[in-house]
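1. Sequence plus the predicted model coming up.
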Amino acid sequence: MFAYSSLSPSSQVQWLIVEGNVGAGKSTFLKVMQRYLNVGMVFEPHEQWQHVADAGNLLDCFYQDPRRWAYTFQSYAFVTRIMAQQRYAQTAHPGTCILERSVFSDRYCFAENAYEQGNMSGLEWHLYKEWFSWFSHNFLSKPAGFIYLRVSPTVCFERMHVRNRHEESTVPLHYIEKLHEKHESWLVKKQGVDALVADVPVLILDCNEDFEHDELVQQAHVQKIINFFNGINLTPSHSLQASL
């Protein structure tokens, strides 16, 4: 295994965002990257969705009755992502942080799909887009780049069942296929994407292979991330250098 030097501090946090379908392996990917990259990481707040104070499991509510809970879940997902990002920014040293998913995938993949599948009403979709646009343009930092873990829907579906998260036990392959189309439309084709993120560079990593247990595959992915980061970064003090 080879290691990488830490990022030099600067005046602000730069955000790299790992995106991908349900079951693509994002959490596993970030945990693997922690072995190689000395950067901050913010994981998706699943536990907050599963334990909303004493009120119940919102993630389970969404999957059991998406028409009733889609708007509520997408709104709470947005809020909790911002909360997690803000907590990191308030306590961490300046530098680079990798996020597991973002409010942008919420908007362009999950919420949009919910509306198109009839699980959000036209009124709910209008409200969602209105407050999302206002908040994203006034309060969110523009990401430095997206890292898209591109995985076929069938592989995602298999991995989802292997991890055996009980809330996902009834999720059909058709749902995963629709989300794959949304990720492709947003991150690859850049269709209908707001100007805020339309020009944000995207690194596409083919992650159909088992990267969790193959060190050579891991190292290849890490090197691509380093090359990508150094290619897009505008602040020389942030650059990542490999130490073999």
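-> Good, I have the coordinates. Residues are numbered from 1 along each chain as shown.

2. Would you confirm that residue 18 belongs to a helix?
-> No - Residue 18 is assigned strand when assessed by DSSP: H, G, I helix; E, B strand; the rest coil, not a helix.

3. Skipping its backbone neighbours, what lies nearest residue 118 in space?
-> Leaving aside its sequence neighbours, residue 118 sits nearest to residue 67 (C-beta to C-beta, 6 or more residues apart in numbering; 6.9 Å). Any C-beta I mention is one placed from the backbone N, CA and C, and that applies to glycine too.

4. State which helix of the protein is the longest.
-> The longest helix of the chain (DSSP state H) is helix 66-91.

5. Show me where the protein has its strands.
-> Secondary structure of the chain (DSSP state E): strands at 3-4, 13-19, 40-42, 95-100, 145-150, 202-206, 242-243.

6. Dump those strands into CSV; add mean pLDDT, mean neighbour count and distance to residue 121 as well.
-> Output for the strands of the chain, formatted as CSV (pLDDT from 0 to 100; neighbours: other C-beta atoms under 10 Å; distance: least, C-beta to C-beta, whole Å):
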stretch, mean pLDDT, mean neighbour count, distance to residue 121
strand 3-4, 36, 16, 48
strand 13-19, 93, 23, 27
strand 40-42, 93, 19, 32
strand 95-100, 91, 21, 29
strand 145-150, 97, 22, 30
strand 202-206, 97, 17, 32
strand 242-243, 41, 11, 51
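
7. What is the burial count for the residue nearest to residue 118?
-> Residue 67: 12 surrounding residues under other C-beta atoms under 10 Å.

8. Would you agree it is in contact with residue 115?
-> No - if you go by C-beta atoms under 8 Å, residue 67 and residue 115 don't touch, sitting 11.2 Å apart.
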